[in-house]
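Asker: this one's structure only:
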């Protein structure tokens, strides 16, 4: 094998390099970005910021109203806010997902400084944290790697830039503030508009009363007897169903509830099986309502009605007995005379009937 001559350009001391002036300029390589999805309704109660300029003006106004802050702290506070605004959605101010270390590196400050100013922004209502930073799950790591071709272990917190109700964004008197209909906030008075104010004044929900102990016991007995209902139903949901259907735990028992459903199911010749239903609690609710509409009476009510009927009959019998006892008695000495009078009356009536029969048979007789 004949050895090949080494390339003078790529080997040995005679290597010839490419001059810097003739090198191809390096292009900046942008990394693809990925963030964890926000659950539905995560931004529902967070108003939008209106515009980037308006939000920065509100931040500047808030910093100027802090008498205990130094000039350097105000400047750094506004710088951190501007850096957050650069990564926010231009229309809504949402979707800010940048790490504190990245902000500190871009602004040439300490991470602790960034954390302090983020806390101040959150306390003032200008920044709302929608999703805290955390370690990614296995599925999220796979999704992030497919999107960015990088191994991501943690995710940064997701924040939304918003305006508090008392934020004033117009810093110059000769500049008209934006209209309230465009952003949903009345900046002239620093409060919500009429429509949003009406929605915000919803009455506070009353604290829910605890479920009674007899109702919980009844639900537990039903779940114990119906195994197909115990695997997919919480006992609290079953208590709510019984309460909505008007089941009184002091009157109904678990046997009554199950007998009502079984009896209605048999009379109507139903072929549906509760264990095969997708929503077993819904099937139980439907069957119980149909059984109640069919006129089922619980056993305790039937027993109470039977006891009342027996008591009524006993009272009637006792009243008749007392009436018989209070009736006047006949004198025994007058019994023979009364018997003779009755016999005479019977004989007279019998003789009269015989005469009438004879006359009817022989009409010629006088």
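Answerer: Now that the structure is in, tell me what you want to look at. Computed from a predicted structure; not experimentally measured. Residues are numbered from 1 along each chain as shown.
Asker: which SSE is the closest residue to residue 120 other than its chain neighbours in?
Answerer: Spatial nearest neighbour of residue 120, excluding adjacent residues (CB to CB, 6 or more residues apart in numbering): residue 77 at 6.4 Å. The way it works is simple: take the backbone N, C-alpha and C, and place the C-beta from them, glycine included. Here residue 77, judged by DSSP states H and E, is contained in helix 71-86.
Asker: remind me what that helix packs against, helices and strands.
Answerer: Where contact means 3 or more CB pairs under 8 Å, 6 or more residues apart in numbering; DSSP states H and E, helix 71-86 is packed against helix 52-64, helix 100-107, helix 111-124, strand 158-161.
Asker: so what secondary structure elements neighbour the shortest one?
Answerer: Where contact means 3+ CB pairs under 8 Å, 6+ apart, strand 158-161 is packed against helix 71-86, strand 96-97, strand 127-131.
Asker: pLDDT averaged over it - what is it?
Answerer: For strand 158-161, the mean per-residue pLDDT is 89.
Asker: one more: the longest one?
Answerer: Average pLDDT, helix 111-124: 91.
Asker: for it, the distance to its chain's centre please.
Answerer: Distance, stretch centre to chain centre, for helix 111-124: 34 Å (CA atoms, centre = their mean, to the nearest Å).
Asker: what residues of stretch 297-304 count as buried?
Answerer: In terms of neighbour count (16 or more other CB atoms under 10 Å), stretch 297-304 has its buried residues at residue 298.
Asker: which residues touch it?
Answerer: With contact meaning CB atoms under 8 Å, 6 or more residues apart in numbering, stretch 297-304 is reached by 251, 252, 253, 255, 256, 259, 260.
Asker: next: stretch 228-237.
Answerer: 211, 216, 219-220, 222-224, 238, 274-275, 280-281, 284.
Asker: now the residues you listed: which count as buried?
Answerer: 211, 216, 219, 222, 223, 238, 274, 280, 281, 284.
Asker: ok, so of these, who is nearest residue 68?
Answerer: residue 211 (51.2 Å; CB to CB).
Asker: now do the same contact list for that closest one.
Answerer: 236, 239, 243.
Asker: quick one: which of those is nearest to residue 357?
Answerer: For the contacts of residue 211, the nearest to residue 357 is residue 243 (79.9 Å; CB to CB).
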